[in-house]
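1. Curious how this folds, go ahead:
(2 chains)
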Amino acid sequence: MNATNDQRLRRRLHEEFGALEISPAPVLRITARGQGIRTRRRALAAGGLALVLAGGALSAHVAGGQQAAAPTVTVSAPDPAAPGGVFASGTADGKRWTLAVRNIAADPGTRWCLPAVMFNGRDGDVLFKADPNPSYGNPAFLTHIPGFPGVSAVFTQVAPDVTRLVATFPSGRQVSVRPVWVSACTQRFHLAGFAYAGAPHGPSELATYSRFGVGDSLVITAASQSPASPARPAVWVNLDTSRADIAISKLTNPIGTGTVAGMTWRVRTSLGLFGQCYTATLRGGPGGGHGGGTECVPVAAPPRVVALAFVPVTSAYRQLPGYAGLVNPRAAKVVVDLSGAPDLTVRPINVTGRSYVAFVPPPDCSVILLRLYDSAGHLFASTTAVPPAQ
Amino acid sequence: MDARDREQFEEFMTSRWPGLVRLAFGLTGDRWLAEDLAQTALASAYASWWRVRRADDPDAYVRRILINASKGRFRRRRVSERAAAAAPEAAVSDPTASVDERSALLGALQELPPRQRAVVVLRYWEDLTDAQAGALLGCSASTVRSQAARALAKLRASGGLGPDDAAPRRQAGGTR
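-> Here you go, the predicted model:
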């Protein structure tokens, strides 16, 4: 390294920082904050946390005390050797829950890989690699989990040196969990999470600890957990929607276009920030007007056949029934049988390893059957499971 | 904490406060955030004072807390900076052209990735060895060296180091 540059930089920094006028140390403020930290730690050590040792596993009973029928949720001590990318698990009223990282791109063996944190293998949140050194990542919350009434979940990435994530609830109760390293998609993620009772009232603070003591804490308001609108069932809410890394998930990709009743429709999808969203636009028709609609659904792994969402395509003149969703990555062609109209042939669109289809049947037609053909032209699956038009 | 411990801590706090604020200023480029980080680090030290005062190097302990506390703030700060569509126009010309070079250095520092910035501050401001800086940042001494080399190259390329010593210094009121 150039010694002259070293010296110049050293001199410039001393000029720069040395010239900074420093106000006196705020002694009272610092000691008050320090006493607050000590008080919290004492509560932690005294078992003010609802941490219970049961059967060798560290379990946390975090039932919301004010709800009559709050479920009993336990959090097991994480097992770093757990298979399947599991980094948190436990039970809720006796039913097992897990938080695990899974590749939601496509079938194993393909070149695509898209890691997501899934609750019980469903209801995912796309995992974006965090800054190499955050003390915590961007916490995400899941409320209104199908099959788990009154249960919510939270997870976050944490810095490599974080040894504990401590969540404090408004009632003063705390949950402390150890983070676990999970490898997925040639990346390693340091993750901590847990489920809790008392939805929608989640933790009011998340704090990270390393062997050097408290790392950082994050105060969470109720509004920040549902920033724009009430949380959709099974859709994770990211705490900080402005984050640059997840902003990429706002990008939308076209997955279908066509013409129906003299109007041109187009459907795009985005993945990550608000779940899996499908946005339809409609142009043309009488008066040259335009319209559209959006539907967001939980993030899911590729289905065996199809997983369609109903996307209303509304203009000033009429509403058309739109459909969009995931299809088995093997499908090279999807044929849609309609009542009262010729079949539609739809080519799946690959977006980051996930196959999507979108179509808008003519007015007054309903979908009867979907048939999936592979690249050799062989029919390999069919279904009549189509969401009802709303 | 008894009266003697409190007295010890207050002495430690008042003597380290300026250095911690400057360190945090180097990491963040923000004077007020720097003071907040220094407060956070010292408050944590207060809460664990029995451990800090027994540590081999209490200063390293507190620096480590401060660096940890600053990590989660880098990203939020960067995002908030991006929120502004354009820099506000200055209503009047800056009468203190002599601070241009200082600002250039600060600006260039803020353009560095957080770890490189931390390496620069620890190595060139705190005068820590590569091993000491690595221990604080959770990386090896060789990583510190390579990060420092990259950072220095970027600072030089962006003009953050200012003119060469042999070159004439910019005069106040010069063309901006």
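
2. When you work out contacts or count neighbours from here on, use the C-alpha atoms and nothing else.
-> Will do.

3. The residue of chain B found nearest chain A: neighbouring residues, count only.
-> Residue nearest to chain A within chain B (CA to the nearest CA): residue B:43, separated by 4.0 Å. The tally of other residues near residue B:43 (other CA atoms under 10 Å in any protein chain shown) stands at 27.

4. Could you give me the buried positions within stretch A:306-326?
-> Neighbour-count burial for stretch A:306-326, counted by 16 or more other CA atoms under 10 Å in any protein chain shown, picks out A:306-315, A:320-326.

5. how close does the residue most central in space within chain B sit to residue B:124?
-> With distances taken as CA atoms, centre = their mean, residue B:26 lies nearest the centre of chain B, 1.9 Å away. Using CA to CA, to the nearest Å, residue B:26 is found at 11 Å from residue B:124.

6. Show me what the helix or strand containing the residue nearest to the centre of chain B packs onto, helices and strands only.
-> Here residue B:26, judged by DSSP states H and E, is contained in helix B:3-28. Secondary-structure packing of helix B:3-28 (3 or more CA pairs under 8 Å, 6 or more residues apart in numbering or on different chains; DSSP states H and E): helix A:3-18, helix A:27-45, helix B:31-47, helix B:58-82, helix B:114-120.

7. Just give the number of residues close to whichever residue of the stretch 251-390 of chain A sits closest to chain B.
-> Using CA to the nearest CA, residue A:273 is the residue of the stretch 251-390 of chain A that sits closest to chain B, at 16.3 Å. Neighbours of residue A:273 under the rule other CA under 10 Å: 23.

8. Who is it paired with across the strands?
-> Beta-bridge partners recorded for residue A:273 (DSSP bridges): residue A:275.

9. about what we covered before: hmm, the residue nearest to the centre of chain B is touching residue A:18, no?
-> No: contact criterion CA atoms under 8 Å: residue B:26 and residue A:18 do not qualify, at 11.0 Å.

10. which residue is nearest the centroid of chain A?
-> Short answer for chain A (CA atoms, centre = their mean): residue A:125, at 2.1 Å.

11. On the C-terminal side of the helix or strand harbouring that one, identify the next helix or strand.
-> Secondary structure from DSSP H and E places residue A:125 in strand A:122-126. Next helix or strand after strand A:122-126 toward the C-terminus (DSSP H and E): strand A:140-142.

12. Whether that next one contacts chain B - can you check?
-> No: under the criterion of CA under 8 Å from any CA of the partner chain, strand A:140-142 makes no contact with chain B; the nearest approach is 15.7 Å.

13. if we can go back for a sec, residue contacts, the residue nearest to the centre of chain A?
-> Residues near residue A:125 by CA atoms under 8 Å, 6 or more residues apart in numbering or on different chains: A:116-118, A:140, A:235-236, A:272, A:275, A:299.

14. Identify the residue spatially nearest to residue B:58, adjacent ones excluded.
-> Closest residue in space to residue B:58, ignoring its immediate chain neighbours: residue B:52 at 5.4 Å, by CA to CA, 6 or more residues apart in numbering or on different chains.

15. which secondary structure element contains residue A:281?
-> Taking DSSP H and E as the definition, residue A:281 sits inside strand A:275-284.

16. all helices of chain A, in order?
-> Along chain A, counting by DSSP state H, helices occupy A:3-18, A:27-45, A:222-225, A:244-247.

17. Touching, residue A:349 and residue A:255? I think so.
-> Yes: using CA under 8 Å, residue A:349 is in contact with residue A:255, at 5.6 Å.

18. Could you check how far the residue nearest to residue A:365 when sequence neighbours are not counted is from residue A:261?
-> Take residue A:365 and drop its neighbours on the chain: the residue closest to it by CA to CA, 6+ apart is residue A:339, 5.5 Å away. According to CA to CA, residue A:339 and residue A:261 sit 16 Å apart.

19. In terms of pLDDT, where does residue B:173 sit?
-> Residue B:173 carries a pLDDT value of 33.

20. Can you find the helix or strand of chain B with the lowest average pLDDT?
-> Between all helices and strands in chain B, the lowest mean by mean pLDDT, DSSP states H and E belongs to helix B:58-82, at a mean of 64.

21. What residues of stretch B:148-166 count as buried?
-> Residues B:148-149, B:151-156, B:158, B:160-162 are the ones in stretch B:148-166 that count as buried (16+ other CA under 10 Å).

22. Kindly report the same for stretch A:326-346.
-> Applying a neighbour-count criterion of 16+ other CA under 10 Å, the buried positions in stretch A:326-346 are A:326-338, A:343-344, A:346.

23. what about that stretch, start to end distance?
-> Length of stretch A:326-346, first residue to last, CA to CA: 12 Å.

24. these two touch, right, residue A:271 and residue A:277?
-> Yes: using CA under 8 Å, residue A:271 is in contact with residue A:277, at 6.4 Å.

25. ok, the residue of the stretch 1-150 of chain A found nearest chain B - how many residues close by?
-> The nearest approach of the stretch 1-150 of chain A to chain B comes at residue A:34, 4.0 Å away (CA to the nearest CA). Each residue near residue A:34 was counted by other CA under 10 Å, and the total is 23.

26. mind checking pLDDT for it?
-> Per-residue confidence (pLDDT) for residue A:34: 80.

27. mind listing what it touches?
-> Counting by CA under 8 Å, 6+ apart, residue A:34 has contacts B:42-47.

28. Rebuild those residues as JSON lines, extending it with distance to residue A:158.
-> Shown next, in JSON lines, are those (distance: CA to CA, whole Å):
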{"residue": "B:42", "distance to residue A:158": "22"}
{"residue": "B:43", "distance to residue A:158": "22"}
{"residue": "B:44", "distance to residue A:158": "19"}
{"residue": "B:45", "distance to residue A:158": "22"}
{"residue": "B:46", "distance to residue A:158": "24"}
{"residue": "B:47", "distance to residue A:158": "22"}
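
29. From those residues, list the buried ones, please.
-> Using 16+ other CA under 10 Å, the buried ones in the contacts of residue A:34 are B:42-47.

30. List of residues touching stretch A:273-292?
-> Contacts to stretch A:273-292, defined as CA under 8 Å, 6+ apart, come from residues A:124-125, A:235-238, A:241, A:246-247, A:249-250, A:261-271, A:293-299, A:311-317, A:322, A:324.

31. quick one: the closest residue to residue B:124 other than its chain neighbours and residue A:4, what's the gap?
-> Closest residue to residue B:124 apart from its sequence neighbours, by CA to CA, 6+ apart: residue A:10 at 4.9 Å. Applying CA to CA, the value for residue A:10 to residue A:4 is 10 Å.

32. Comparing those two, which shows the higher neighbour count?
-> A direct count of neighbours by other CA under 10 Å for residue A:10 and residue A:4 places residue A:10 higher, at 20 against 11.

33. Would you confirm that the more buried one contacts residue B:125?
-> Yes: Residue A:10 is within contact range of residue B:125, at 6.3 Å (criterion: CA under 8 Å).
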